[in-house]
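K.L.:
Build the 3D model from these lines:
(one chain, ligands or ions: 1)
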Amino acid sequence: MSLGSWLRDRPHFLEIVYKAAENFVTRLDPLISWIGYDRVERLITPPEEIAKEIVFDCRMCGQCILHSTGMTCPMTCPKHIRNGPCGGVRGNGHCEVKPEMRCVWVEAYERSLHMPIYGTEMTQLQPPVNKSLRGRAAWITMLTGEDKEVPAGWEGISELTILDADHTCWFSSQEE
Ligand code: SF4
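P.N.:
Numbers count the residues shown, from 1 in each chain. A predicted model of the protein is given here:
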């Protein structure tokens with residue numbers, strides 16, 4: 001087992017680390033703004049990429065929603081789906097594109113159940129990924145608000161949900 005998969009199977013620990021990092025970065029925002037977002041981004045992009053690749057197999061989409069997806073990177077889905085599993089999940093919970101791989105969304109769902117801080121964010125509908133942010137440091141796009149910009153017609157989308165509050169919607173519908 002790799003260090004990354006060992007850590008991903010400890011989602012509560014990861015969400016605590018994420019929350020601490022988010023608070024820290026947000027507090028630093030005035031200083032980062034004063035130095036210049038571009039300058040700071042050039043400095044933090046390489047370490048962010050290395051750390052998140054080791055832990056999450058990150059693809060540097062620049063619009064990180066890990067905490068909303070069970071600390072499981074949705075971009076590792078072969079179809080890059082940001083809103084739950086496609087219709088091709090195998091009966092054993094594996095991917096239809098890569099049969100040897102567990103479905104990213106099955107893992108995200110399971111892990112979200114062990115996340116008392118962010119777990120309910122699995123119910124939020126995610127807008128399409130903004131490909132113009134690819135390669136950017138997600139901590140910076142979070143501070144500048146670029147990660148919240150959505151295509152026309154998607155405004156207010158984060159208030160919509162794709163799962164029941166008890167997270168059963170996907171799975172109950174599959175059983176019907
Ligand atoms: S959601 Fe984007 S930034 Fe976050 S781990 Fe996945 S590819 Fe990286």
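K.L.:
Quickly note the distance from the residue nearest the centre of the chain to the ligand.
P.N.:
Nearest to the mean C-alpha position of the chain, by Cα atoms, centre = their mean, lies Leu66 at 2.2 Å. Remark: distance between Leu66 and the ligand (Cβ to the nearest ligand atom, to the nearest Å) = 5 Å. C-beta coordinates here come from the backbone N, C-alpha and C atoms, glycine included.
K.L.:
mind listing the helices for this protein?
P.N.:
3-8, 11-27, 29-35, 37-56, 104-112, 138-144, 169-175 (DSSP state H).
K.L.:
deepest of the ones you listed, which one?
P.N.:
helix 104-112 (a mean of 22; mean count of other Cβ atoms under 10 Å).
K.L.:
what mean pLDDT would you report for that one?
P.N.:
Helix 104-112 shows a mean pLDDT of 95.
K.L.:
quick one: contacts of that helix?
P.N.:
The contact list for helix 104-112, computed with Cβ atoms under 8 Å, 6 or more residues apart in numbering, reads 8-9, 11, 69-74, 76-77, 81, 84-85, 89, 93, 95, 118-119, 121-122, 167, 170-171.
K.L.:
Can you turn the buried part of these into a ChimeraX selection?
P.N.:
With 16 or more other Cβ atoms under 10 Å as the burial test, the buried ones among these are selected in ChimeraX as follows:
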select :8,11,69,70,71,72,73,74,76,77,81,84,85,89,95,118,119,121,122,170
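K.L.:
before we move on, the earlier item: turn the helices of the chain into TSV, including distance to Gln126.
P.N.:
Converted to TSV, the helices of the chain look like this (distance: least, Cβ to Cβ, whole Å):
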stretch	distance to Gln126
helix 3-8	19
helix 11-27	17
helix 29-35	24
helix 37-56	16
helix 104-112	12
helix 138-144	14
helix 169-175	14
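K.L.:
Now tell me which of those the model trusts least on average.
P.N.:
Looking at the helices of the chain, the bottom one is helix 169-175 with a mean of 42.
K.L.:
Quick check: residues of this structure near the ligand?
P.N.:
Selection of the chain residues close to the ligand by Cβ under 6 Å from any ligand atom yields 52, 56, 58-61, 64-66, 73-75, 138.
K.L.:
was I right about Glu146 contacting Leu133?
P.N.:
Yes - between Glu146 and Leu133 there is a contact under Cβ atoms under 8 Å: 6.3 Å.
K.L.:
List the residues that are in contact with both of these two.
P.N.:
62-63.
K.L.:
which residues sit in contact with Ala21?
P.N.:
Ala21 makes contacts with Trp139, as judged by Cβ under 8 Å, 6+ apart.
K.L.:
er, Pro151 actually
P.N.:
127-128.
K.L.:
now it: how far from the ligand?
P.N.:
On the measure of Cβ to the nearest ligand atom, Pro151 and the ligand end up 17 Å apart.
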